[in-house]
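Trainee: Pasting the sequence and the predicted model now:
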Amino acid sequence: MRVMILGGGGREHALAWSVAKSPRVDGVLCVPGNAGTAALGENVAASLDDHDALVKVARDHAVDLTIVGPEAPLCAGIVDRFEKEGLRIFGPTAAAARIEGDKAFAKGLMKSASVPTAEGRVFTDLKQAKQYVGTRDTGVVVKAAGLAAGKGVFVCEDPAYGLLALEDMMEKRVFGAAGDKVVVEELLKGEELSVFALVDGQTIYVLETAQDHKRVGEGDTGPNTGGMGAYSPAPIATPELMATVDREILVPIVDAMRKEGCPYRGVLYVGLMITAAGPKVLEFNCRFGDPEVQALLLRLESDLAALLESAVDGRLADADVRWDQRSAVTVVMASEGYPGSYEKGKVIEGLDKAAGMQDVVVFHAGTKQLEGRVVTNGGRVLSVTALGADVADAKARALRAAELIRFDGAFYRSDIGDRAIPAAQRT
Ligand code: AMP
Ligand code: GLY
């Protein structure tokens, strides 16, 4: 079969690498892909906003299954369109993707299904929103309800900053229409955990656990990024905790979506805060996490294409999924300046040396080929991923591989996974 992956980051290279291992897959196509996916199969240039073009690429290349990486095409209805055309595609419909694309919808759904989440209210009127925040004497979190490329959340320890965030979103419209509706919620304290579940409309299969590091700097400091690294498994996710997440969050939300007439099919990413009162939902995403999936897929022993097909076909209950019991760590190598502005076009050296290490895979994110060389083409450039006996070993191996790779302005965090490593063992 031929598989098409939509997207061009580290997540998409990892998805392409994993499906390419399947004996049933004889071709992998990426739109638009990067230098890493080009080496695995074929890259096709097309805009992910242009659904007509994507249908044409799928037809022209006789694609049997399409896997969607980022949220934007899902929220814009790429799955609805492909299904209408009789093309097989893994991901939620636009109606179901609202669980990520419309935080007010997600909040309402959680309320109606009694899913534990931060207390919150939805506003479309700036004055009312400010009045509400003005009455709070503890921290607030202000979120643009629409898609804001991961930047639409302001965590404000002091509610006075919440007022400024509201003005930015609703008056200055820094996120455009995405901020015309906002969710204001209580600031929760605890450790974060991401849970990824495959859902076929009804059956839920929870993947092995993984957690990312969102802040740009060592010790989880500095501005938020898309993720500077990830580790799997996450020790905070005990079997008891995961049973609670299943019972109190996954089952009721998947039921509620079916009852709402928008059954969920695809991967449901649950962002949780593990509070003293138990796990509470921070957000839902309708896609795999990047770079969490890079670490997860190194541990997946089963056939990813077959697994995702079983979710598309409503056969998830019969899926046979096996995992490598070792740990995985992915270290993101980024361009100087990220998550702010950065330069592109720096030549990357040492990729072959790093990839030559056993149980190491260097997934490309912001890269492209230029005159026979691989050059940087984004903020997050590479996800250097390694397996190891435990998180400490996997981290050490990923860092050793990262040290072999060089480009101008490269930087990475050397403490990825430390949260999962006993203090005495940290290096
Ligand atoms: P979200 O996109 O909603 O997950 O928010 C991005 C980040 O903001 C999360 O990963 C958390 O670190 C933080 N965050 C979101 N909501 C809350 C909350 N209610 N309390 C504390 N932190 C939050
Ligand atoms: N690593 C966080 C995300 O994919 O949203």
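Mentor: Good, I have the coordinates. Numbers count the residues shown, from 1 in each chain. Ligands and ions are numbered 1, 2, ... in the order given.

Trainee: was I right about Glu83 contacting Ile89?
Mentor: Yes: in this structure, Glu83 is within contact of Ile89 by Cβ atoms under 8 Å, at 6.7 Å. (C-beta placed from N, C-alpha, C; glycine too.)

Trainee: between those two, which one's more packed in?
Mentor: Per other Cβ atoms under 10 Å, whichever of Glu83 and Ile89 has more neighbours is Ile89, with 26 against 15.

Trainee: how about Leu307, what does it touch?
Mentor: 198, 319, 321 (Cβ atoms under 8 Å, 6 or more residues apart in numbering).

Trainee: Which pLDDT value does the model give Ala424?
Mentor: On the pLDDT scale, Ala424 is placed at 78.

Trainee: okay, now it: neighbour count?
Mentor: That count, for Ala424 with other Cβ under 10 Å as the rule, works out to 5.

Trainee: Which residue does the stretch 1-150 of the chain have closest to ligand 1?
Mentor: Using Cβ to the nearest ligand atom, Ala118 is the residue of the stretch 1-150 of the chain that sits closest to ligand 1, at 3.7 Å.

Trainee: so that residue touches Pro279, yeah?
Mentor: No: taking contacts as Cβ under 8 Å, Ala118 lies outside contact range of Pro279: 11.7 Å.

Trainee: Identify the contacts common to those two.
Mentor: Counting by Cβ under 8 Å, 6+ apart, the residues touching both Ala118 and Pro279 are Met273.

Trainee: got the residues of this structure near ligand 1?
Mentor: Applying Cβ under 6 Å from any ligand atom, one finds that the chain approaches ligand 1 through 118, 141, 143, 153, 155, 185, 187-188, 192, 214, 271, 273, 282-283.

Trainee: In these, which residue is surrounded by the most others?
Mentor: Within the residues of the chain next to ligand 1, neighbour counts (other Cβ under 10 Å) peak at Lys143, which reaches 27 neighbours.

Trainee: same for the lengthiest helix in the chain, what does it pack against?
Mentor: Among the segments of the chain that qualify as a helix by DSSP state H, the longest is helix 391-403. Identification of packing neighbours for helix 391-403 by 3 or more Cβ pairs under 8 Å, 6 or more residues apart in numbering; DSSP states H and E yields strand 229-232, strand 327-335, strand 360-364, strand 380-388.

Trainee: For Val3, which of those is the nearest?
Mentor: With Cβ to Cβ, the closest approach to Val3 among the helices and strands packed on helix 391-403 belongs to strand 360-364: 16.7 Å.

Trainee: That closest one pairs with which strands?
Mentor: Sheet pairing of strand 360-364 (DSSP bridges) gives strand 380-388 (antiparallel).

Trainee: what angle do the strand it pairs with and helix 391-403 make?
Mentor: 140 degrees (axes from the mean of the first three to the mean of the last three Cα atoms, to 10 degrees).

Trainee: so Ala319 sits right up against Val199, yeah?
Mentor: No: judged on Cβ under 8 Å, Ala319 makes no contact with Val199 at a distance of 12.0 Å.

Trainee: who's more crowded, those two?
Mentor: Val199 (23 against 18).

Trainee: How about the more buried one: what's its closest non-neighbour residue?
Mentor: Tyr264 (4.8 Å; Cβ to Cβ, 6 or more residues apart in numbering).

Trainee: spatially speaking, which residue is in the middle of the chain?
Mentor: Gly289 (1.7 Å; Cα atoms, centre = their mean).

Trainee: Doesn't that residue lie inside a strand?
Mentor: No: the assignment for Gly289 by DSSP: H, G, I helix; E, B strand; the rest coil gives coil, which leaves it out of any strand.

Trainee: closest to ligand 1 among the contacts of Leu307?
Mentor: Leu198 (20.3 Å).
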